[in-house]
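Visitor: Need coordinates for the following:
(2 chains)
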Amino acid sequence: AQSVTQPDIHITVSEGASLELRCNYSYGATPYLFWYVQSPGQGLQLLLKYFSGDTLVQGIKGFEAEFKRSQSSFNLRKPSVHWSDAAEYFCAVGAEAAGNKLTFGGGTRVLVKP
Amino acid sequence: EAGVAQSPRYKIIEKRQSVAFWCNPISGHATLYWYQQILGQGPKLLIQFQNNGVVDDSQLPKDRFSAERLKGVDSTLKIQPAKLEDSAVYLCASSLVRAGEAFFGQGTRLTVV
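Guide: Numbering: from 1, shown residues only, chains lettered A, B, ... in the order given. Modelled structure (predicted):
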């Protein structure tokens, strides 16, 4: 069975500082990996995805993530955080072999200090 | 392209009452998901459809929850009878076959009192 762990429940970062959110997954084969963002009262918006190929993927809003197979990780990064990045971030794993079932981590809430 | 539509946005019911949620996925998306998101947690998959058929409903509490997908398009999720612990946001999502990328609706926030 696939699973996702996001070790950090909350992260507080100053505006303009860099941000890194951790994600570790468990799956026997190469999974599909996703990062979603959820603003209060909203649904989930896809930030970026990894299916195959280049392990460094670029997404929307200046985010990027790096797939590291040896560490079973898919960490999300942003060089300079804006106040509008305050939200909850979810890492998710899917697999074609599992019928494209998407499994989510518990989320990391990001607070941005002025 | 229209997104995933869900209704209602908010619902308050008393325990032991019934409630139904509706979802219209993105046109052409064969896969449809219903997720339950309890406050402070990540979304938990309740049921996944591929066209009309159920792919995974292992985490659906079948004694009280039911879902159907009519003609492989719209879907409804029903809870009968509701319990206090069913208070959550119910998210519907859809994706193309074998693409894996899911698009989410805004969700229905259910409060059971």
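Visitor: Tell me how many other residues crowd residue A:52.
Guide: Residue A:52: 8 surrounding residues under other Cβ atoms under 10 Å in any protein chain shown. Placement of C-beta: from N, CA and C, glycine included.
Visitor: If the most centrally placed residue in chain A is in a bridge, with which residues?
Guide: In chain A, the centroid-proximal residue (Cα atoms, centre = their mean) is residue A:35; its distance is 3.4 Å. Going by DSSP bridges, residue A:35 is paired in beta bridges with residue A:48, residue A:91.
Visitor: Now for residue 37: which residues touch it?
Guide: Using chain A here. By Cβ atoms under 8 Å, 6 or more residues apart in numbering or on different chains, the contact list for residue A:37 reads A:44-45, A:47, A:61, A:87-90.
Visitor: if you could check chain B rather than the one you did, that'd help
Guide: Residues in contact with residue B:37 (Cβ under 8 Å, 6+ apart) are B:43-44, B:88-91, B:107.
Visitor: contact partners of the lowest-mean-pLDDT helix or strand in chain A?
Guide: Within chain A, confidence by mean pLDDT, DSSP states H and E is lowest for strand A:103-104 among all helices and strands, at a mean of 91. Strand A:103-104 has contacts (Cβ under 8 Å, 6+ apart) with A:2-4, A:36, A:90-94, B:35, B:42-45.
Visitor: which one of those sits closest to residue B:28?
Guide: Closest approach between the contacts of strand A:103-104 and residue B:28, by Cβ to Cβ: residue A:94, at 18.9 Å.
Visitor: which residue ranges form the strands in chain B?
Guide: Ranges of strands within chain B are B:5-7, B:10-13, B:19-24, B:31-37, B:44-50, B:53-56, B:65-69, B:75-79, B:88-95, B:103-104, B:108-112, based on DSSP state E.
Visitor: meant to ask about chain A
Guide: Using DSSP E, the strands found in chain A span residues A:3-5, A:10-14, A:19-21, A:24-26, A:32-38, A:44-50, A:56-58, A:64-68, A:73-78, A:87-94, A:103-104, A:108-113.
Visitor: Which strands or helices does the longest one pack on?
Guide: Put plainly, it is strand A:87-94. With contacts defined as 3 or more Cβ pairs under 8 Å, 6 or more residues apart in numbering or on different chains; DSSP states H and E, the packing partners of strand A:87-94 are strand A:3-5, strand A:32-38, strand A:73-78, strand A:103-104, strand A:108-113.
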